[in-house]
Every structure is written in C-alpha cells, then in structure tokens.
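Novice: okay, here's the prediction I keep looking at, along with the sequence it came from:
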Amino acid sequence: MITPKKDIEYFMKDLSQNQSIKKPDNRPSDELEGQIERITYINEENGYIVAKVNVPGFLSPVTIVGNLLALAPGEMLKMNGGWETHPKFGRQFRVLSHTTMLPASVKGIKKYLGSGLIKGIGSVMASRIVKKFGEKTLEVIDERIEQLACVEGIGEKRIRMIKKAWADQKEIRSVMIFLQEHGVGVSHATKIYRQYGQRSIAVVSRNPYKLATDIIGIGFQTADRIAQNLGFEKGAPVRAEAGILYVLNQLSEEGHVFYPYEPLIIRCCEILEVDRETIIKAFGTIALDGQIVIEDLNQLPDEFEPNRKAVYLTRFHVSETGISRHLSRLISSHKTIRSMDLEKAVDWVQKRIDLQLAPRQIDAIKRAISDKVLIITGGPGTGKTTIIHAIIQIYRPVGARIFLAAPTGRASKRMTEATGQPARTIHRMLEFKWQKGGFQRNENRPLEADVIILDEVSMIDTILMYHLLKAVPSGATLIMVGDSNQLPSVGPGNVLKDVINSGSIPVIELNEVFRQARESLIIMNAHRINKGKVPEIRDPGEDLGDFYFIEQEDPDQALHIVMELVCKRIPQRFNMRPKEDIQVVTPMHKGIVGTVNLNMKLQDSLNPSKMEIVRGDRGFRLNDKVMQIRNNYEKEVFNGDIGLVKSIDTENQEVVVDYDGRAVPYDYVELDEIILAYAISVHKAQGSEYPAVVLPILSQHYLLLQRNLIYTAVTRGKRLVVMVGSKKALAMGVRNERTLKRYTYLEKRLKGF
C-alpha cells in the first residue's frame, strides 16, 4: 500500500484523536454498506484505519475512519456509525461497529485477492484466477483448491502456499475479533497468531503476560492492557511477577546488569501501583522459579548501600559470574605456544614490517607474547592496528592458530582490511545456530585456536563476553583491543572498563599520536575532546580538510544545512556518494534533528522511489538504506547491521534486504525489526567507520551531551567530519565527563582473583 508521506504525518498527528473534528451528535447511528476500494492508512498498533468505500447511491467513494479489524480491498462492509467533518479531509464516516463479508462480484473478488491479503496471490495472479473461475473463485479456493493448477503460473508449491494462507486468514479472523475486543491492534494480533496459532485465545485468556516474554515487539505494557481488559486485578500475583521482570528488562536496556534490592522494590511499586508486600512475594516466587537471582553482597567490600543486596535477571548473574570464573581460568593456565626471546621477536618483526615501533608499542608486543590475557587500549592514531599486525606476524611462523574477531560485521570487515587476515564477527566465530539452540562453541567444544585477538572490545556486553570466554581454550592467548573512552556497550554492562579498573588483567594504554595521524584534524580533535578541550575549527574557505564546524543555533536551519551537506555540498566538494559514503549521526531520536525526522527527510531527498511498503507510520522503499535494530539469530542479522532494500514482493508479502551481499527476507509482520538508516544514533554507530560523518549538535540535546558520546561520534568519521549546530552545546558536552552509572559487580568480582 502506497501512502504519501505528508498524509501519514498528518494522519498520525490528527486523525485518531483530533479535537477539532466535528463529531457526530447523539442521534441514532447511521448505517452504510459498501465495498472497500482502498486502504488509505492503517496504524498497525491500534488498528486505526482510513479507507475509501464504494457505497451505492454515492457518486464518489466514501471516506471511513475508525478502529477496525484487518481489512482488505474488495471486502464488503456493513457499518454503523455517524458522519463528521475533518478540517482537512472533509466529510467522513466514523465507524463504531461493523461486520465484514466476502465480495460476491467478479470485480470485488479480483480486488480482494489482488490486495496482498493472501500470500501467493498478487494482482496479476488474481486476474488470472478470476478470469478462469469468475464468481465461483472464492468457492473454488475454499473447497476445491486443487483446481487452481489449471491457472497459468500456479503449481503445487504455490497451491500449498495459497491453501495455508487462506486457512490462516480464516482462523486469524476469529482470533483478531477476540483480541480486538480486548485492545490488541492488528500488528500484535498477527504476531500472537503466528506464535500460538489456534491456541492464541486460550493462551491470552489464561496468562496474557506470556506475550511479553514470548513475542518480540509486545512488551509488558501491551500485555498489561490486554490483561486489564480481560479482568485481571492490579494486585494479581501473575501481574506482579511479570511486572518485576519487565522493570528489570527495562533497567538492562539502560545498561544495568543488576539493580539494588530496595530501590528496585520502590521502582516496582511505583510502576505497577501495588504495595510492597505484593512485590516481595513476587520476588520470592520468581526467584524460586529461577528467573531472578537475589545476591547478598555483604561479604564483599563495596560503597554500594548498607543493605547490599542485588537483584539480577538470571542470565545476567550467570554471565557476570561466568566472566570472572573464565578469566581466572585463562590467567592461571599455561600457554600452548612455546616461549620466545622477546627482544629477538621485536627486532625481527620491526624488520619484517619495515617500521620502527614506539616504546609503548614494543611493550604491548612483548606482553602479547609473554602474557596469557592482555588488554591494549588507546584512541585513534595511537597504533593499535600496527600492533595487531605485528603480533600476527610473530605468531604465524611458529604455527599458531590465530583467530581474529569483532562484535559487528562492519568492525570485523575493517579488521580484515587493516590486517590482511580474515576476521569474523564473534557470533560467527562461536558458530551461532538458531536451530541448534545457540552458540555451538563453548567449554565443551572450545575454539581450536592458540591466539585470539578481539577488536572493538568496548562494544562487547556482559552476555556476549561470557559466551566468548566460555569458548576460549585454557591454553590460548587472549588479546583484547579497544578504546575505553568510547561509549560503553549498547547491551548491559561496562565490561572493558570494569576489567581494566579491576587491575586483574595486564593493560597497555597507548597515548602517543603518530605523525601521520597528527595530520588529521579528526584524530587530533578526538584527542582534544577526550581531554575536555573544544575541537579546533578550520575555516571552510581554506583548502580541503577533514573536520569542519558550521554554526547554527536554530534547529530548522540546522536541519536545512544537514540536508544540503548530505545531498549536495559534500558529494560535490569531496566526490562522495550520499547514500553509501555519508552517514548522519545524531544524539537523539526525537526532535527536528533527531533520527526519526532526519530519516523521513533524507529518504524523500535521496530515494524518491515509488515502490514502497507502508507499515503504520513507517515506509520502506526500494533501495532504502535500513538498519536491523535487534539481534535476530535465526536470520543471522544483528543489532546495528546496515543494508539496502533490494526487493518488495507484495504478492508474497516479503521485503528482501541486502547485507553486504547476503539477501535476508523479512515477512511484512517482521518489518518492526528494521528502521531507516540515513540517520542513526551515536550508539548505533559504534564499531563502524564511515567515509564522512555529519553530526548535528544543538542545545536541545543537552541532556544527552557527554564527552564520550561526542568522542564516539567524531571517531566514526574516516575522511570527513562536519558538525552542525551550537558551539555552546558542543562546549557543554565536551566538559561533561559525567556518565550514567551502570550497576555491575564485575570489577569487584575480578578483584577477588
């Protein structure tokens, strides 16, 4: 379905609850009966629909609005409601109740089948089927579907697809009626049916809170709304138990591995609006079920509260304690590779790579040879890549099996390009298989490696680090490389900083910026920012540089400048491609220069394709730049992966995204896993480098402006960084060294080695 973007914005803002609409009075409701011509707009979260309906006696299609069940063009509707006048769209009929009927006319059946409602039948195929069977088409599909084989282009495989889709559509209709009555929108209803099938009504009736844990995209708040509509009390034990898990999961999204016991009780009481006793009882139940761990931390020295009890989701407790245990195992084990003469090894490798190494680099190489576990940290231009390359050169002649890995596909690709050696994502190295239940490499089947070198370690969260360390064989050497001044991982924990601060692992910190790197204003300004200094600004009139600041306090004007930079000025002056080479990185999601608005504007400018699928308030077009926003292990695409929309199949209701040459299909109901990626948040940009970065930074961002955020954003640019905004906001952010506290206990556990 194609809907103009400006109308989507207007509908989202005004149509569902616009007080300026003249509502029907208290007269008896009117009745209308007609056939759906087209769906103009649908909000898949709440089922709000705007549609055009052909009604006998009306010269032109009637606009209807309201919260209706999933509809398809060609269906017949009997509607009760009233007329009202919208200030922009004029007279329309607000539907208060309705019933649907299958179309009876040949024209209606053709429109119905060609609407994309049934997988396997698009507009072309619908025309062929209706031409063959006429008014008996739906009867044939329902009762004698094998007869479709006589239609050109329909074989056994397509018949099976159509048969399943037809049966699902009939079944889902009854499920949707039940769910709609209890406040569930079309998108959620479809996901519920895909998860539970014919058991949907029984599962939701018995425990609607299962939805929050079983189905991606349905959180506690949605499940809670359904539960209240079903008559569940606020103080119901099942609600308190699900609510605690919800609160802990929300806190994990803020980076916390655990949360203090007393503050958590207070928070749960406030959010769930129940008393303390109800929460404490629920704590006991879910602890006995093994869903949470309540740990008494009194036995360990800590500044953290007098009553030192921590509440963990079980997976985080297992992971944090496991990291400590496996690092201890690695440090205390002997190396499988024979010892070397450190001085000779350094002399040899300097000749080999034809480079005189700096003293700190030499220290790092020696420790990488002598130690079992080592951390190498430093900012851009300090020679981390040179050290990795030298370490590989030393270990390869002695027959060492060397594995290189990074958290993301882009980071591993950069690692390959920099070293000339194959690098993989950590998930691929650990052989993640969704069908087989997760990571196939673990303590029972460790990696067959003697040396493992990890890059971008600041991005590795608590759970991934645990699974990684489990798979490292005891005799292997583990070298972790990263920039501890960047933002911490998107997932829970602050692993790199915790390990460094614990003092239990050798750390080499690189702080010398080399001559070639000093020629880059990006690198020099990154180090200035890291020291709390405002970046040096180059005069735009000078020769081409790599770092610019365009001052503009007004958000609307800043937006205009960003658009000009991406679409015209940078491509013309620096010979870069707007979509492939230029990445807008911004601190916020909302606002005029937030990701949401920027993506809509940039999409219209850079990709005005007419081939588009609209889902709620989001539209995806052919050749759009998109990003995966959650780990999908089944598809093997992960949070932060960027790709291009390569096809939109309305017949099979499928969108295919190309991720670096790998085609990944998405069913329409899975499209909430991807977003437009012309503009992305700083967190989403971690681990990636782009030829050019455009960074809007305004006073309205002040709540989010921190030194490590600005530092991370600037270091994403490889050849060019252009800041647009307020010098005052930039100075505020650079001075703000405070970061949000993350509750983790890893540092203290490691100190107990």
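Specialist: Everything's here; your move.
Novice: distance check, the residue most central in space within the chain against residue 222.
Specialist: Residue closest to the mean C-alpha point of the chain, counted by C-alpha atoms, centre = their mean, is residue 629 at 1.3 Å. Residue 629 sits at a distance of 18 Å from residue 222 (criterion: C-beta to C-beta, to the nearest Å). Every residue, glycine included, has its C-beta placed from N, CA and C.
Novice: could you pull out the strands in the stretch 351-500 of the chain for me?
Specialist: Assigned strands in the stretch 351-500 of the chain, in chain order: 373-378, 402-406, 423-425, 432-433, 438-439, 451-454, 477-482 (criterion: DSSP state E, counting those that start in this stretch).
Novice: list the buried residues for the last one?
Specialist: By that I understand strand 477-482. When burial is assessed from 16 or more other C-beta atoms under 10 Å, strand 477-482 yields the following buried residues: 477, 478, 479, 480, 481, 482.
Novice: return the residues in contact with the third one.
Specialist: This points to residue 479. 368, 373, 374, 376, 388, 391, 451, 452, 453, 454 (C-beta atoms under 8 Å, 6 or more residues apart in numbering).
Novice: can you give me the distance of the closest residue to it other than its chain neighbours to residue 293?
Specialist: Distances taken as C-beta to C-beta, 6 or more residues apart in numbering place residue 453 nearest to residue 479, at 4.7 Å, with adjacent residues excluded. As for residue 453, its distance to residue 293 is 33 Å (criterion: C-beta to C-beta).
Novice: which one of those two is surrounded by more residues?
Specialist: The residue with more neighbours, out of residue 453 and residue 293, is residue 453; 27 against 18, by other C-beta atoms under 10 Å.
Novice: restricting to C-alpha, output the helix or strand hosting residue 31 in PDB.
Specialist: Counting by DSSP states H and E, the secondary-structure element that holds residue 31 is strand 30-43. What follows is the C-alpha trace of strand 30-43 in PDB, where atoms were taken according to Å, rounded to 0.1, in the frame of the first residue of the first chain:
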ATOM      1  CA  ASP A  30     -26.400   5.700  10.600                       C
ATOM      2  CA  GLU A  31     -25.800   2.600   8.600                       C
ATOM      3  CA  LEU A  32     -23.700   2.200   5.400                       C
ATOM      4  CA  GLU A  33     -23.000  -0.800   3.300                       C
ATOM      5  CA  GLY A  34     -20.300  -0.900   0.600                       C
ATOM      6  CA  GLN A  35     -17.200  -2.400  -0.800                       C
ATOM      7  CA  ILE A  36     -13.700  -1.300   0.200                       C
ATOM      8  CA  GLU A  37     -11.900   0.400  -2.700                       C
ATOM      9  CA  ARG A  38      -8.600   1.000  -1.000                       C
ATOM     10  CA  ILE A  39      -7.000   1.400   2.400                       C
ATOM     11  CA  THR A  40      -5.500   4.900   2.700                       C
ATOM     12  CA  TYR A  41      -3.900   4.500   6.100                       C
ATOM     13  CA  ILE A  42      -3.500   1.900   8.900                       C
ATOM     14  CA  ASN A  43      -1.900   2.200  12.300                       C
END
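Novice: strands paired with that strand, and their directions?
Specialist: Using DSSP bridges, strand 30-43 pairs in its sheet with strand 48-54 (antiparallel), strand 76-86 (antiparallel).
Novice: centre of the chain to the shortest one, how far?
Specialist: Okay, so that is strand 48-54. 32 Å (C-alpha atoms, centre = their mean, to the nearest Å).
Novice: now do the buried residues in it.
Specialist: Along strand 48-54, the positions that meet the burial threshold by neighbour count (16+ other C-beta under 10 Å) are 48, 49, 50, 51, 52, 53, 54.
Novice: that one: what's the following helix or strand?
Specialist: Following the chain from strand 48-54 toward its C-terminal end, the next helix or strand by DSSP H and E is strand 62-67.
Novice: switch the buried residues of strand 477-482 over to JSON lines; also include pLDDT.
Specialist: Shown next, in JSON lines, are the buried residues of strand 477-482 (pLDDT from 0 to 100):
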{"residue": "477", "pLDDT": "97"}
{"residue": "478", "pLDDT": "98"}
{"residue": "479", "pLDDT": "98"}
{"residue": "480", "pLDDT": "97"}
{"residue": "481", "pLDDT": "96"}
{"residue": "482", "pLDDT": "94"}
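Novice: now tabulate those in a markdown table and tack on distance to residue 407.
Specialist: Conversion of the buried residues of strand 477-482 to a markdown table gives the following (distance: C-beta to C-beta, whole Å):
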| residue | distance to residue 407 |
| --- | --- |
| 477 | 20 |
| 478 | 15 |
| 479 | 15 |
| 480 | 11 |
| 481 | 12 |
| 482 | 10 |
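Novice: what about the strands in the stretch 151-300 of the chain?
Specialist: With DSSP E, counting those that start in this stretch, the ranges of strands along the stretch 151-300 of the chain come out as 258-260, 292-296.
Novice: list the strands paired with the first one, with their directions.
Specialist: Within its sheet, and counting by DSSP bridges, strand 258-260 is paired with strand 309-313 (antiparallel).
Novice: which of the residues in whichever helix or strand comes after the strand it pairs with are buried?
Specialist: Sequence order places helix 314-332 as the next helix or strand after strand 309-313, per DSSP H and E. Of the residues in helix 314-332, those with enough neighbours to count as buried (16+ other C-beta under 10 Å) are 316, 317, 319, 320, 321, 322, 323, 324, 326, 327, 330.
Novice: any weak-confidence spans in the stretch 151-300 of the chain?
Specialist: Low-confidence segments of the stretch 151-300 of the chain (pLDDT under 70): 172-173, 176-177, 180-181, 183, 185-187, 298-300.
Novice: what ranges do the helices span in it?
Specialist: Ranges of helices in the stretch 151-300 of the chain, per DSSP state H, counting those that start in this stretch, are 156-181, 186-196, 200-206, 210-214, 220-229, 237-253, 261-272, 276-288.
Novice: go ahead and name everything in contact with the last one.
Specialist: In this structure, residues lying in contact with helix 276-288 by C-beta under 8 Å, 6+ apart are 235, 237, 240-241, 243-245, 265, 268-269, 272, 292-294, 311.
Novice: hmm, 10 Å instead?
Specialist: Where contact means C-beta atoms under 10 Å, 6 or more residues apart in numbering, the residues beyond helix 276-288 that reach it are 234-245, 247-248, 261, 264-269, 272, 274, 291-294, 311, 313-314.
Novice: alpha carbons of it, as PDB, please.
Specialist: Coordinates of each C-alpha in helix 276-288 appear next as PDB, following Å, rounded to 0.1, in the frame of the first residue of the first chain:
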ATOM      1  CA  ARG A 276       5.500  -3.600  48.900                       C
ATOM      2  CA  GLU A 277       4.200  -6.900  50.300                       C
ATOM      3  CA  THR A 278       2.900  -7.900  46.800                       C
ATOM      4  CA  ILE A 279       6.300  -7.200  45.200                       C
ATOM      5  CA  ILE A 280       8.300  -9.000  47.900                       C
ATOM      6  CA  LYS A 281       6.100 -12.100  47.500                       C
ATOM      7  CA  ALA A 282       6.500 -11.900  43.700                       C
ATOM      8  CA  PHE A 283      10.300 -11.700  44.200                       C
ATOM      9  CA  GLY A 284      10.200 -14.900  46.200                       C
ATOM     10  CA  THR A 285       8.100 -16.700  43.500                       C
ATOM     11  CA  ILE A 286      10.300 -15.800  40.500                       C
ATOM     12  CA  ALA A 287      13.500 -16.400  42.500                       C
ATOM     13  CA  LEU A 288      12.300 -19.900  43.300                       C
END
